[in-house]
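Participant: Build the 3D model from these lines:
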Amino acid sequence: MNFSSIKKTVGIAVLSMVSISGFAQDNIARQAPSDKRLKDIHNVRLNNTAAISADLNEPAAHIYQDWTDNIRSCAGSVPSNYKIDLRGFHMPTPSRKINSPFGPRWGRMHEGLDVKVYIGDTIRAAFDGKVRICKYNGGGYGYYLVIRHPNGLETLYGHLSKQLVKKNQVVRAGEPIGLGGNTGKSFGSHLHFETRVLGKPINPALMFDFVNQDVTGDYFVLNSGISNGNAVAAATRSANHIEAENTQRETVVAAAPKAEVAAEPAKTAAKPATTAKPKAKAKSKAVSYSVKSGDTLYSIARKHNTTVDKLRKLNGLKSNAVLKTGQRIKCS
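Facilitator: Predicted structure coming up:
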């Protein structure tokens, strides 16, 4: 190879290196805006994460003014037509069976839903939030938790066999927080589930549809605030609006006629003797009960205003007795 050929080869190599370097620089230049956008997106995500974390450290601080371990006494006020965001929810349990609804029961107010679960079943947080109360109450909820959520709701989980979280712990929707149980004042394993705003109970069925394992809508609107445990409210879906009223109001209206009928015998002296016989007949008809599919001693006792212990004694049943469909149970 002569000097001319060597010179030509070196020249081509140098041009190739310059060309590759120029192409690489062009490529880097073209990527620069993308890298900037990615950096901006990363910053947005960091900012959003920081905002979410701050919201969970002081959830719903826009309406709550305190952070105590008192269930009912919560300082603050709810704005008119307050909208509760139900998106991002998680059902507390996959169970679809409601043993006892919200409303008057046994002469007092039942402020939540009793959902059938078994001891050891996983109970999960309904929304992101922060644990405000983690206690034991032997005469009531047993082991229970109260979680405050950024949407303004507080959810209560009662009769747990075990608490898996601690007070002031931040939790995420769907995170295991406890195990189903039968602690406290309970007549069988179940989850007592409440929804509250500023310590006042709202019927959970207005927001949570356990049968269909879904919420009733994207939002739940308190139209006229909360008073005496009643919430006149509307659950709003993205496509249509569904008006919903607290079931407590319906049960109160239904109970009024019964009170009037019961008061009539006291007006005259002759009626008590005649009205006593129909009452006796009514009692005799309720002496026994035919077990239906899904019945438990707890549900039968509730229907006949008695206790599980009395039913067991009347029928000679052991604590582990299994009811059969069609079986006759003495109730009085």
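Participant: show me the contacts for the nearest residue to Phe210 once chain neighbours are set aside.
Facilitator: Leaving aside its sequence neighbours, Phe210 sits nearest to Arg96 (Cβ to Cβ, 6 or more residues apart in numbering; 5.5 Å). Quick note: C-beta positions are derived from backbone N, CA and C, even for glycine. Residues counted as contacts of Arg96 (Cβ atoms under 8 Å, 6 or more residues apart in numbering) are Phe210, Val211, Asn212, Gln213.
Participant: try Pro201
Facilitator: Applying Cβ under 8 Å, 6+ apart to Pro201 gives the contacts Phe102, Met109, Glu111, Gly112, Glu194, Thr195, Gly229.
Participant: re earlier: tell me the one among the contacts of Arg96 nearest to His190.
Facilitator: The shortest approach to His190 among these belongs to Phe210, at 12.1 Å (Cβ to Cβ).
Participant: pLDDT below threshold where in this protein?
Facilitator: Along the chain, segments meeting pLDDT under 70 span 1-54, 73, 224-286, 320.
Participant: circling back: mind checking which of the contacts of Pro201 are buried?
Facilitator: Buried members of the contacts of Pro201, scored by 16 or more other Cβ atoms under 10 Å, are Phe102, Glu111, Gly112, Glu194, Thr195, Gly229.
Participant: Make sure Ala205 is indeed in a strand.
Facilitator: No - counting by DSSP: H, G, I helix; E, B strand; the rest coil, Ala205 is located in no strand; its state is helix.
Participant: correct me, but it touches Asp114?
Facilitator: No - using Cβ atoms under 8 Å, Ala205 and Asp114 do not qualify as a contacting pair, with a distance of 11.8 Å.
Participant: any common contacting residues for the two?
Facilitator: Counting by Cβ under 8 Å, 6+ apart, the residues touching both Ala205 and Asp114 are Ile98.
Participant: Looking at the two, which is more packed in?
Facilitator: The residue with more neighbours, out of Ala205 and Asp114, is Asp114; 24 against 20, by other Cβ atoms under 10 Å.
Participant: Which helix or strand lies directly C-terminal to the one helix or strand that one maps to?
Facilitator: Under the assignment given by DSSP states H and E, the secondary-structure element containing Asp114 is strand 113-116. Following the chain from strand 113-116 toward its C-terminal end, the next helix or strand by DSSP H and E is strand 122-124.
Participant: what's in contact with that following strand?
Facilitator: Residues outside strand 122-124 that contact it (Cβ under 8 Å, 6+ apart): 90-93, 117, 157, 160, 173-180, 191.
Participant: Just the buried residues of the helix or strand just after it, please?
Facilitator: Scanning forward in sequence from strand 122-124, with DSSP H and E defining helices and strands, the next element found is strand 129-137. Taking 16+ other Cβ under 10 Å as the neighbour-count basis, strand 129-137 is seen to contain the buried residues Gly129, Lys130, Val131, Arg132, Ile133, Cys134.
Participant: Go ahead and confirm the fifth one touches Asp69.
Facilitator: Looking back up the chat, that one is Ile133. Yes - between Ile133 and Asp69 a contact is recorded at 5.0 Å, counting by Cβ under 8 Å.
Participant: So what are the sheet partners of the host helix or strand of His159 and their directions?
Facilitator: Take DSSP H and E as the rule and His159 turns out to sit in strand 154-160. Taking DSSP bridges as the criterion, strand 154-160 sits next to strand 142-148 (antiparallel), strand 190-197 (antiparallel) in its sheet.
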